[in-house]
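Colleague: test case, fold it:
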Amino acid sequence: MAPGAGRRIAGYLIESEIGRGGMAVVYRARDLRLERTVALKLLAPELARNDTFRKRFTHESQVAAAIDHPHIVPVFEAGETDGVLYIAMRYVAGSDLRRLLDLRGPLPLPDAVRIAAQVASALDAAHDHGLVHRDVKPGNILIAQGIDSDHPEHVYLTDFGLTKKSLSLTGFTSVGQFVGTLDYVAPEQISGRPVDGRCDVYSLACVVYESIAGRPPFLRDDDMALLWAHQYDEPTPPSRARPGLPAGADAVFAKALAKSPDARYPTCLDFVTALRSVTDTTRPAASHPAQAPGTQTDHAVAAPAPDQPGAGPSPDRATAGPRRPDRPTSGRTEPAAVPTGAPGPPHWAGPVFPT
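Modeller: Residues are numbered from 1 along each chain as shown. A predicted model of the protein is given here:
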């Protein structure tokens, strides 16, 4: 499950580990056939031994590889070798929204809406192919340097659907557990109801709420209270959490965070379009991401290890485990012992958006 540097896996030479979760490990590797660097994700051997999971994994990998979208991390190859399932994906430089928020706090509205629009486009494209992400969170929103001042960042959505539905359908999640992250999980995921793209609308709204308000829509003292809040409580209007926000933003988030999927925006881009219509995003765009001198910025823009209940908390509040008393209720800056969000360091050491 954890081969060392120098081991060859299906035509890829492992160079270093860049991320680890309960059911997978992600490595930086060299594609020996095309002489390029990739992110290679190896799934736990017990997954390969499950016939149902293997079949679903093959199908979902084919669907994901068929999606050609500028904001979805490309899947180069997926398969099985020596009893291990693997996925090879693009490896690019950048950081992620989790670290950006931890460094900068709430983002200016134009930055938050610009990032959200790219994520929404990726999600809607996947929904058109029948894939639901199920775990939209800041750690899965990866940010690479853009091309000019009008496009200061290029956003990728990662950890896209390749194992999440399969895990829930093959007995690898326990009764009463679900695939998702507590701060951003839709009510229907918690209750075990069928999900579609509108659960991603809810999760994206939670992420954007945090991006502009500096905290998720719900803050509770323990996990059970947080799950209850997603299902039954109304979120704090974002204009209260961040004074100065346009009042119209409250109504947009109230719809996107509706408890019933039928009451939400039908697509992620519909949500972002509504938000853009009530917010002033006319100020000049931010310049290129800043980098501290001498800082290595390579980051694996790849589908990281899936959050597995019982694997331990992640920086984005994985589903299992109690809230630690020393963990702040906003900011989410504490590193996890076993990270299950976007692959770990190195990352940007300085702000992604210059002040």
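
Colleague: hey, where'd the helices end up in the chain?
Modeller: 45-48, 51-66, 97-104, 109-128, 164-169, 187-191, 197-213, 223-232, 238-241, 248-256, 268-278 (DSSP state H).

Colleague: only C-alpha atoms, please: export stretch 234-252 in PDB.
Modeller: This file holds the C-alpha atoms of stretch 234-252, laid out as PDB (Å, rounded to 0.1, in the frame of the first residue of the first chain):
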ATOM      1  CA  GLU A 234     -31.200  28.300   9.300                       C
ATOM      2  CA  PRO A 235     -27.800  29.600   8.600                       C
ATOM      3  CA  THR A 236     -26.600  33.000   9.900                       C
ATOM      4  CA  PRO A 237     -27.100  35.500   7.100                       C
ATOM      5  CA  PRO A 238     -23.700  36.300   5.700                       C
ATOM      6  CA  SER A 239     -24.200  40.000   6.000                       C
ATOM      7  CA  ARG A 240     -24.200  39.500   9.800                       C
ATOM      8  CA  ALA A 241     -21.000  37.500   9.700                       C
ATOM      9  CA  ARG A 242     -19.400  40.100   7.400                       C
ATOM     10  CA  PRO A 243     -20.800  43.600   7.800                       C
ATOM     11  CA  GLY A 244     -20.900  45.500   4.500                       C
ATOM     12  CA  LEU A 245     -21.900  42.600   2.300                       C
ATOM     13  CA  PRO A 246     -24.800  43.600  -0.100                       C
ATOM     14  CA  ALA A 247     -28.100  42.700   1.600                       C
ATOM     15  CA  GLY A 248     -29.100  40.800  -1.500                       C
ATOM     16  CA  ALA A 249     -26.500  38.200  -0.800                       C
ATOM     17  CA  ASP A 250     -28.500  36.900   2.100                       C
ATOM     18  CA  ALA A 251     -31.400  35.800  -0.100                       C
ATOM     19  CA  VAL A 252     -29.000  34.200  -2.600                       C
END
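
Colleague: could you pull up the mean pLDDT of that stretch?
Modeller: Stretch 234-252 carries an average pLDDT of 93.

Colleague: that stretch: which residues count as buried?
Modeller: Residues of stretch 234-252 classed as buried: 235-239, 241-242, 245, 249-250, 252 (neighbour count, 16 or more other CB atoms under 10 Å). All C-beta atoms are positioned from the backbone trio N, CA, C, and that covers glycine.

Colleague: can you count the residues close to Asp262?
Modeller: Residues within reach of Asp262, counting by other CB atoms under 10 Å, total 8.

Colleague: now do the contacts for it.
Modeller: By CB atoms under 8 Å, 6 or more residues apart in numbering, no residues touch Asp262.

Colleague: how near is it to His154?
Modeller: 34 Å (CB to CB, to the nearest Å).

Colleague: again, but for Ala117
Modeller: 12 Å.

Colleague: one more: Gln145?
Modeller: Distance from Gln145 to His154, by CB to CB: 7 Å.

Colleague: shared neighbours, the two?
Modeller: Gly94.

Colleague: and the closest residue to Tyr12 other than its chain neighbours, how many neighbours does it have?
Modeller: Once flanking residues are discounted, Tyr12 sits nearest to Ala29: 4.2 Å by CB to CB, 6 or more residues apart in numbering. Other residues within reach of Ala29, judged by other CB under 10 Å, total 29.

Colleague: and Ala29, what pLDDT?
Modeller: 96.

Colleague: one more: Thr355?
Modeller: 30.

Colleague: what does Ala302 give?
Modeller: pLDDT, read off for Ala302, is 44.

Colleague: again with Pro187
Modeller: 97.

Colleague: quick one: it from His127, how far?
Modeller: In terms of CB to CB, Pro187 sits 19 Å off from His127.

Colleague: just Asp102 next, same as before
Modeller: 29 Å.

Colleague: ok, the two, which is more surrounded?
Modeller: Neighbour totals were compared for Asp102 and His127, and His127 leads with 19 against 15 (other CB under 10 Å).

Colleague: I'd say the more buried one and Gly197 touch.
Modeller: Yes - the pair His127 and Gly197 qualifies as a contact (CB atoms under 8 Å) at a distance of 3.6 Å.

Colleague: quick one: common contacting residues for the two?
Modeller: With CB under 8 Å, 6+ apart as the test, His127 and Gly197 both reach 267-268.

Colleague: before we move on, the earlier item: check the helices of the chain for me: which has the lowest mean pLDDT.
Modeller: Lowest mean pLDDT within the helices of the chain: helix 164-169, at a mean of 45.
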